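Chemist: make a model of this:
(one chain, ligands or ions: 1)
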Amino acid sequence: MCGIIAAASSRNVGKLLVRGLHKMEYRGYDSAGIALHQDNSIAHLRAVGKVQLLEDKMIAEKPKSKLGIAHTRWATHGEPSELNAHPHKSKDSVYIVHNGIIENYVELREELIKDGYEFSSQTDSELIAHLLDLYYKETKSMVNAMYKAKEKLDGAYAIAAINIDDNSNLVVARNKSPLLLGIGSDEILAASDPIAIAELTNDFIFLEDGDVAEISAETYKIFDNTKSKANREITHIDISTQATSKGDYRHFMEKEIYEQPEAVSKTVDGRIGGEDVLDNIFGLGSSDIFAKVERVQIVACGTSLHAGRVAANWFSSIAELPCQVDYASEYRYRNPHVDQNSLLITISQSGETADTLAALNYSKERDYLSSLTICNVPTSSLARESDFSLFTNAGPEIGVASTKAFTTQLAGLMLLALSLAKSRGLNPKLRGRIVKALRLLPETIAEALLLKDKMLEIAPNIANKNNALFLGRGIFYPIAKEGALKLKEISYIHAEAYPAGELKHGPLALIDENMPVIALAPESEIAEKLISNLEEVKARGGTLYVMADPSVNMDVKSGSLVHMPKCDFFMTPIVYNIPLQILSYEVALLRGTDIDQPRNLAKSVTVE
Ligand code: AGP
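Modeler: Got it, this is the predicted structure:
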């Protein structure tokens with residue numbers, strides 16, 4: 001959460017810093033701020049609310065500067081307010097921006113108060129400015145001050161700092177929060193996400209945990225955890241501006257929903273051939289390791305966890321492997337027993353989710369055969385810290401609600417189920433059938449997107465309610481959960497999901513004319529039972545909206561029966577999720593919520 005950006009340049013940096021904040025607004029959007037070095041003073045502007053409000057202040061005040069730092073916030077310590085907004089300062093001399101959490105902030109704050117420092121915010125970040133000021137006075141070097149501060153700080157941080165005494169250099173540090181440098185012409189930048197500076201450069205250096213860097217317009221020096229000079233590789237990444245702008249769509253979420261056929265093609269292309277999945281698509285040696293796997297453990301959060309729950313079913317039926325799925329935030333606290341030859345799988349769009357990273361790190365102390373990540377960001381911490389990986393190639397996902405990331409994760413997880421089955425010498429005929437279905441998947445998703453008109457008819461009946469219930473059975477239960485998550489996070493309607501058979505064990509009590517029920521009824525052995533469950537809803541006055549196989553027919557009275565495109569049963573969880581995404585989007589649109597940046601949320605959750 002939170003996005004930081006910093007620039008040292010031969011030109012004015014105010015505009016480019018604010019533009020970078022706009023691009024990173026998905027990381028947090030409750031307040032924003034900037035500090036710009038102006039030789040004898042530092043211009044310090046902060047605003048509560050979105051980055052646009054900071055930009056309005058910048059337009060009014062027009063501060064000029066070639067060295068600056070800026071921040072967009074997702075509040076952890078202290079409410080969203082101007083005083084809690086970054087940058088924080090110490091005695092008008094040191095200014096800092098911080099992404100992460102300082103765990104020992106209470107004791108450090110007390111120590112600094114004893115040293116005579118005054119605090120004006122409730123944040124855990126302000127003390128970093130005071131620590132740097134204290135140690136700068138002692139060492140007369142911001143790099144040395146940063147190293148001394150690092151010795152004190154426990155927790156996760158990406159920090160950028162400037163000092164009134166130096167109008168050409170800024171200092172940054174990274175520990176467990178993403179931070180990279182951008183090498184431009186006549187300027188060097190630092191940011192939490194390459195998207196923030198992709199218009200300025202394609203050359204990035206991804207800092208490692210423990211790194212400190214000093215940056216000027218002309219050059220940069222990087223030092224590692226031991227304070228030795230470090231040579232970090234420059235990575236060339238071409239992030240097109242098209243990928244990070246909405247184009248003609250009303251929201252990023254809408255754009256990302258309709259990008260799904262192409263996104264899935266990019267996940268699958270080059271990874272299947274003939275009637276099978278290709279070898280080693282998860283990295284060199286992965287096929288050999290897969291042959292030894294006897295058990296799978298998945299850890300993930302939110303939507304990525306739902307993808308994991310669908311995949312657990314595939315691992316069992318295609319690769320004949322037992323699989324356990326845990327919330328990443330819970331996994332470490334249940335003292336998990338690790339069987340011999342277990343494979344740990346993390347799933348994440350961002351690759352920076354703190355709980356998922358913490359679970360991966362915890363697993364390294366346990367006896368896992370290997371770790372693997374299904375991730376959308378090749379430069380992310382999860383990608384770097386896992387033994388094997390498969391990148392979903394979905395392109396940047398900016399809307400806070402995950403859509404194309406989920407669909408491509410499922411496609412990636414299906415490739416994994418096939419690879420595990422292949423390495424274990426299992427089910428060649430079934431593998432051939434699924435590979436064929438994967439090739440057709442983009443087309444089937446495109447057909448499912450055409451259900452928009454039907455969703456437009458249903459949306460007003462959901463938008464005027466306060467609750468909704470999603471039902472699915474078997475592999476469709478996690479899809480029902482994903483449907484409920486999407487609806488609640490962007491429309492603020494309370495939504496729950498149940499396996500349909502559980503209805504009569506309690507939730508049926510909730511059913512009346514104010515409880516719309518959205519059910520998933522694919523053709524399978526479970527459809528018949530699910531339909532009986534839906535009759536129980538109908539008998540109690542509930543309105544049914546059923547996404548069903550064309551062969552399913554039932555009287556839904558005042559509700560709707562939506563026939564889904566025909567496809568292989570293994571693809572149905574992916575395809576049935578599409579109208580649920582559109583439905584949530586259209587409901588949120590009717591309710592006038594902030595769809596891309598729903599209240600209280602942020603895209604990248606880098607705190608535990
Ligand atoms: C999805 O709509 C959510 N905003 C959220 O649940 C998300 O999937 C979760 O925070 C995990 O993020 P990750 O995939 O980047 O790890």
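
Chemist: and whichever residue of the stretch 251-400 of the chain sits closest to the ligand, its phi and psi?
Modeler: Nearest residue of the stretch 251-400 of the chain to the ligand (Cβ to the nearest ligand atom) works out as Gly302 at 1.8 Å. The C-beta positions use only the backbone N, C-alpha and C, and glycine is treated the same way. Gly302 has phi and psi values of phi 50, psi -130 when expressed as degrees, to the nearest 10.

Chemist: same check, this time on Asn169
Modeler: Given degrees, to the nearest 10, the pair of backbone angles that Asn169 has is phi -120, psi 150.

Chemist: and the closest residue to it other than its chain neighbours, how far from Thr139?
Modeler: Leaving aside its chain neighbours, Asn169 sits nearest to Ser216 (5.0 Å; criterion: Cβ to Cβ, 6 or more residues apart in numbering). According to Cβ to Cβ, to the nearest Å, Ser216 stands 19 Å off from Thr139.

Chemist: do the same with Ala602
Modeler: Following Cβ to Cβ, the distance that separates Ala602 from Thr139 is 35 Å.

Chemist: now do the contacts for the residue nearest to Ser316 when sequence neighbours are not counted.
Modeler: Setting aside the residues directly before and after it, Ser316 is nearest to Cys323 in space (Cβ to Cβ, 6+ apart), at 6.2 Å. By Cβ atoms under 8 Å, 6 or more residues apart in numbering, the contact set of Cys323 is Arg295, Val296, Gln297, Ile298, Ala311, Ala312, Phe315, Ser316.

Chemist: who does Cys323 form a beta bridge with?
Modeler: Counting by DSSP bridges, Cys323 is bridged to Val296.

Chemist: where in the stretch 101-250 of the chain is pLDDT low?
Modeler: 242 (pLDDT under 70).

Chemist: one more time with 90
Modeler: Where the stretch 101-250 of the chain drops to pLDDT under 90, the residues are 176, 237-245, 247.

Chemist: just the buried positions in stretch 596-608, please.
Modeler: For stretch 596-608, the neighbour count (16 or more other Cβ atoms under 10 Å) marks Asp596, Gln597, Pro598, Leu601, Ala602, Lys603, Ser604, Val605, Thr606, Val607, Glu608 as buried.

Chemist: just stretch 275-292 next, same as before
Modeler: Asp276, Val277, Ile281, Phe282, Ser286, Ser287, Ile289, Phe290.

Chemist: repeat that for stretch 227-241.
Modeler: Result for stretch 227-241 [16+ other Cβ under 10 Å]: buried residues Ala230, Arg232, Ile239.

Chemist: by mean pLDDT, which helix or strand of this protein comes out lowest?
Modeler: helix 527-539 (a mean of 83; mean pLDDT, DSSP states H and E).

Chemist: next SSE after it?
Modeler: strand 543-548 (DSSP states H and E).

Chemist: ok, then the element right after that next one?
Modeler: strand 560-563.

Chemist: which positions within that following strand qualify as buried?
Modeler: Those would be Ser560, Leu561, Val562, for strand 560-563 by 16+ other Cβ under 10 Å.

Chemist: picking that back up, now, which of the buried residues of stretch 227-241 sits nearest the ligand?
Modeler: Ile239 (17.5 Å).

Chemist: residue contacts, that closest one?
Modeler: Contacts of Ile239 by Cβ under 8 Å, 6+ apart are Pro194, Ile195, Ala198, Asn202, Pro396.

Chemist: isn't the first one right up against Thr379?
Modeler: Yes: at 7.2 Å, Pro194 and Thr379 qualify as touching, with contact defined as Cβ atoms under 8 Å.
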